[in-house]
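Enquirer: Structural data only, the sequence is not supplied:
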């Protein structure tokens with residue numbers, strides 16, 4: 001008798017409403033590695049091959065800032081050439097293997113960005129020269145205000 005008095009429409013409506021509200025609390029954030037995919041790997045590889053030579057100027061500038069002109073035109077040049085060849089090699093590797101997740105099953109860069117014996121590791125993309133950017137790896141500023 002109790003079942004005859006309960007109407008099915010309000011019960012069905014409240015059940016549908018409850019299902020709809022509960023789905024709005026679903027996690028819609030992107031997973032942590034969503035930006036690291038094959039297209040980014042291809043772009044990173046091409047960028048390293050095309051613009052890897054900017055490491056020469058950047059390394060010479062860094063060494064000149066910290067150690068002076070003589071060191072910049074000797075040690076800075078050698079360091080920049082080594083980093084340029086490393087970038088070109090990494091770029092070639094990433095361009096050839098861009099469809100495959102080669103770094104521990106991911107598309108992350110294969111190079112370490114915190115190498116202890118370098119002043120700084122390799123950033124994901126080559127340093128930028130001659131213009132400002134929102135990324136802080138292309139410019140160094142002293143703490144003095146002008």
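Expert: Done, it's in. These numbers were taken from a predicted model, which means no experiment stands behind them.

Enquirer: which other helices and strands contact the helix or strand containing residue 86?
Expert: Using DSSP states H and E, residue 86 maps to helix 77-96. Secondary-structure packing of helix 77-96 (3 or more CB pairs under 8 Å, 6 or more residues apart in numbering; DSSP states H and E): helix 38-51, helix 54-67. Using the backbone N, CA and C atoms, a C-beta is placed for each residue, glycine as well.

Enquirer: Can I get these in TSV including mean pLDDT, mean neighbour count and distance to residue 86?
Expert: Conversion of those to TSV gives the following (pLDDT from 0 to 100; neighbours: other CB atoms under 10 Å; distance: least, CB to CB, whole Å):
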stretch	mean pLDDT	mean neighbour count	distance to residue 86
helix 38-51	92	17	9
helix 54-67	88	18	8
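
Enquirer: Rounded mean pLDDT for stretch 77-88, please.
Expert: Averaged across stretch 77-88, the pLDDT comes to 91.

Enquirer: now do stretch 97-105
Expert: Stretch 97-105 comes out at a mean pLDDT of 89.

Enquirer: how long is it from one end to the other?
Expert: Using CA to CA, to the nearest Å, one end of stretch 97-105 lies 12 Å from the other.

Enquirer: buried set for it?
Expert: Of the residues in stretch 97-105, 97-98, 101-102 count as buried by neighbour count, 16 or more other CB atoms under 10 Å.

Enquirer: neighbouring contacts of that stretch?
Expert: The contact list for stretch 97-105 (CB atoms under 8 Å, 6 or more residues apart in numbering) reads 38-39, 41-42, 45, 107, 109-110.

Enquirer: and if you look at stretch 63-81?
Expert: Here stretch 63-81 has contacts from 55-62, 140, using CB under 8 Å, 6+ apart.

Enquirer: nearest to residue 89, of those residues?
Expert: residue 55 (12.2 Å; CB to CB).

Enquirer: shouldn't the closest one be in contact with residue 84?
Expert: Yes: Residue 55 is within contact range of residue 84, at 4.7 Å (criterion: CB atoms under 8 Å).

Enquirer: rewinding a little: let's have the contacts of stretch 63-81 in TSV, adding distance to residue 92.
Expert: Below are the contacts of stretch 63-81 laid out as TSV (distance: CB to CB, whole Å):
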residue	distance to residue 92
55	15
56	18
57	21
58	20
59	20
60	24
61	26
62	25
140	29
